[in-house]
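Asks: how would this look folded up:
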Amino acid sequence: MPFYIRKSVSAGPFRFNLSKGGLGLSAGVRGLRVGTGPRGHYVHAGRGGLYYRKTLKGKQPNRTAHERRYPAADLDPERGPAPGSDVEMVAVSSGAVSDMEDARFAEILAEMDEKQRSTKLSTVLLWVGVVLTVIATVIAGVPGFIVGAILTAGARYLGSWLDESRRSVVMVYDLEDDAMKAYEAMTGAFDRLAACQGKWHVDAGGAVNDLTTWKRNAGASHVLDKRPTVLAYGLPDILKSNVTPPSIAVGKETLYLLPDFMLVVHEGNVGAVAYDGLSIRWQDSNFIEEGTVPGDTTVLFHTWKHPNKSGGPDRRFANNYQIPVCLYESVHLTSPNGLNELLQVSCSGVTAPFAAAIEELSLRNGSRQVSGSLPLIQAG
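Replies: Alright, predicted model coming up:
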C-alpha cells in the first residue's frame, strides 16, 4: 500500500490537526467545535453550507540500525517436525514485553500503561443502564424495559466514544523530508516482504543428531515448529496516530514499526525497541516442504521421505516418495532488551532491502550496529 501521513487524528470528541504551521487541537461534535492551533483559539460552527468561525485571541526522533547478508551456501535442509519425532526443541520467544524498556520512550510507554489500566466508561455506563432498566421494568413493565434498553444502548455508545480519548494515546508525526523518504522506503521494502505467499512465525527449533531421526525427518538437519503469520498495516487499540505503521504478528506479540521506534504489544502490555538496538539477521533456508509449495518460491531439488545414508530412497519403506526442497528465507529479530523472534518467508532476497531501509533510518540518527550471521537453532 502507498505510504502517506494523514493530516488529522480523531480520538473521541478530540481531533488533532496537522498543518504547515504546526499541531492544532479541537473538541466538540459535528457542527460545533472549539479548538486551538498555531494561529490561536477559535470556535467553528455550522452545517449544511452555512458556517461560522471566530478566532479567540515539534519534531519526532527517528532511530535505527542494521545488517549485512550472511551467505546461504551449503545450508542443510530444514523441515517441520514429523509425528513421533524425538528432536529436542528449543523455544524461540521474546522476554516479557513489560521489560522491553528504553529511556527515550519511557514517557510514552508509561502513558500507554496508565491508559490501559483506566476504567472503561462504556462498561460502567452499561451496568448502570442494566440496573436502571431492571428497576424501570419492575415499575413500568414493558414500556419501562424499552425505555431502559434504549437509554442503556445510548449510554454505552457515549461511554465508548469518550473512551476513545480517555483510554487512547495520540501520536501525531510531522516528518521532515529526509525522514519521510527513509520511512517510506522502509514501508516499500516491508510491502515486498509482506507480498510473499508464505509467511511463518517459528515457535521452536531443534537439531537432528542421530541417523534414525534424520531418516524419519526426510534427511533434515534441523526441525522447525512454525505456523502462518500476518504482515499487515494497523495500530493497536490504545494508539491513535496519523501514521498507520507496518505490523508483524510474532506469536502472542505484535510488532508495530512506527517512524521513531518499534512498539511491541501483548495483551495490554507495551514495550519499546529502539531501531538502533534492533538487530535483523537473515539467511536463505532450504526447507523440505511437505505441504503446499508457495507459487513464489524456488524448488532447489527433491529429497526422499525416508532417505538412506547416500541420499537415495530407503527401500525398507514401501510408501517412500520424493519431497521438494524449497528456497525460503529466515529472518531473526533481536534486541538487547528482550526481543527474540524468528520468521520465515517463501521468497528469497526480500529481507536485505528491508534491513537496508531500517539501517538508513538508523544512520540518520547517527547510530549503527553491526551483527553477525543468523545462528542455527541447536538443541541443549
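Asks: Output the contacting helices and strands for the longest strand along the chain.
Replies: Ranked by residue count under DSSP state E, the longest strand found in the chain is strand 322-334. Counting contacts by 3 or more C-beta pairs under 8 Å, 6 or more residues apart in numbering; DSSP states H and E, strand 322-334 packs against strand 279-288, strand 298-304, strand 340-345. To be clear about C-beta, it is placed using only N, CA and C from the backbone, and glycine gets the same treatment.
Asks: Paired strands for the second one, with orientation please.
Replies: What that stands for is strand 298-304. Note on strand 298-304: by DSSP bridges, its sheet partners are strand 322-334 (antiparallel).
Asks: So which bits of the strand it pairs with are buried?
Replies: Buried residues in strand 322-334, counted by 16 or more other C-beta atoms under 10 Å: Ile323, Pro324, Val325, Cys326, Leu327, Tyr328, Glu329, Ser330, Val331, His332, Leu333, Thr334.
Asks: For Glu111, see how far away the third one is.
Replies: Here the criterion is C-beta to C-beta, to the nearest Å. By it, Val325 lies 49 Å from Glu111.
Asks: and what of the last one?
Replies: Applying C-beta to C-beta, one obtains 27 Å for the distance of Thr334 from Glu111.
Asks: Could you list the low-pLDDT ranges of this structure?
Replies: For the chain, the stretches flagged by pLDDT under 70 are 1-76, 78-89, 163, 165, 208-221, 364-380.
Asks: Mind naming the longest helix for it?
Replies: helix 142-166 (DSSP state H).
Asks: what comes up buried for it?
Replies: Residues of helix 142-166 classed as buried by neighbour count (16+ other C-beta under 10 Å): 144, 148, 151-152, 155-156, 159-165.
Asks: Counting by contacts, list what that helix packs against.
Replies: By 3+ C-beta pairs under 8 Å, 6+ apart, helix 142-166 packs against strand 8-11, helix 121-140.
Asks: mind running it again at 7 Å?
Replies: Counting contacts by 3 or more C-beta pairs under 7 Å, 6 or more residues apart in numbering; DSSP states H and E, helix 142-166 is packed against helix 121-140.
Asks: residues in contact with stretch 122-138?
Replies: Contacts to stretch 122-138, defined as C-beta atoms under 7 Å, 6 or more residues apart in numbering, come from residues 144-145, 147-149, 151-152, 155-156, 158-160, 163.
Asks: just these now: which is nearest Gly268?
Replies: For these, the closest approach to Gly268 (C-beta to C-beta) belongs to Asp163, at 14.2 Å.
Asks: All the helices of the chain, residue numbers only.
Replies: Assigned by DSSP H, the helices in the chain fall at 106-117, 121-140, 142-166, 177-194, 211-216, 351-363.
Asks: Adding distance to Val243 as columns, could you present these in a markdown table?
Replies: Putting the helices of the chain into a markdown table (distance: least, C-beta to C-beta, whole Å) gives the following:
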| stretch | distance to Val243 |
| --- | --- |
| helix 106-117 | 14 |
| helix 121-140 | 26 |
| helix 142-166 | 18 |
| helix 177-194 | 8 |
| helix 211-216 | 48 |
| helix 351-363 | 14 |
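Asks: Mean neighbour count, those helices: which tops it?
Replies: Counting by mean count of other C-beta atoms under 10 Å, helix 351-363 has the highest mean neighbour count of those, with a mean of 21.
Asks: Tell me which other helices or strands that helix touches.
Replies: Checked by 3+ C-beta pairs under 7 Å, 6+ apart, helix 351-363 has helix 177-194, strand 279-288 packed alongside it.
Asks: just so I know, which of those lies nearest Asp260?
Replies: Closest of these to Asp260 is helix 177-194, at 8.9 Å (criterion: C-beta to C-beta).
Asks: what's the angle between that closest one and strand 322-334?
Replies: Angle, helix 177-194 to strand 322-334, by axes from the mean of the first three to the mean of the last three C-alpha atoms, to 10 degrees: 150 degrees.
Asks: helices or strands up against helix 177-194?
Replies: Counting contacts by 3+ C-beta pairs under 7 Å, 6+ apart, helix 177-194 packs against strand 231-233, helix 351-363.
Asks: residues touching Ser348, list them.
Replies: Counting by C-beta under 7 Å, 6+ apart, Ser348 makes contact with Asp284, Thr298, Leu327, Tyr328, Glu329.
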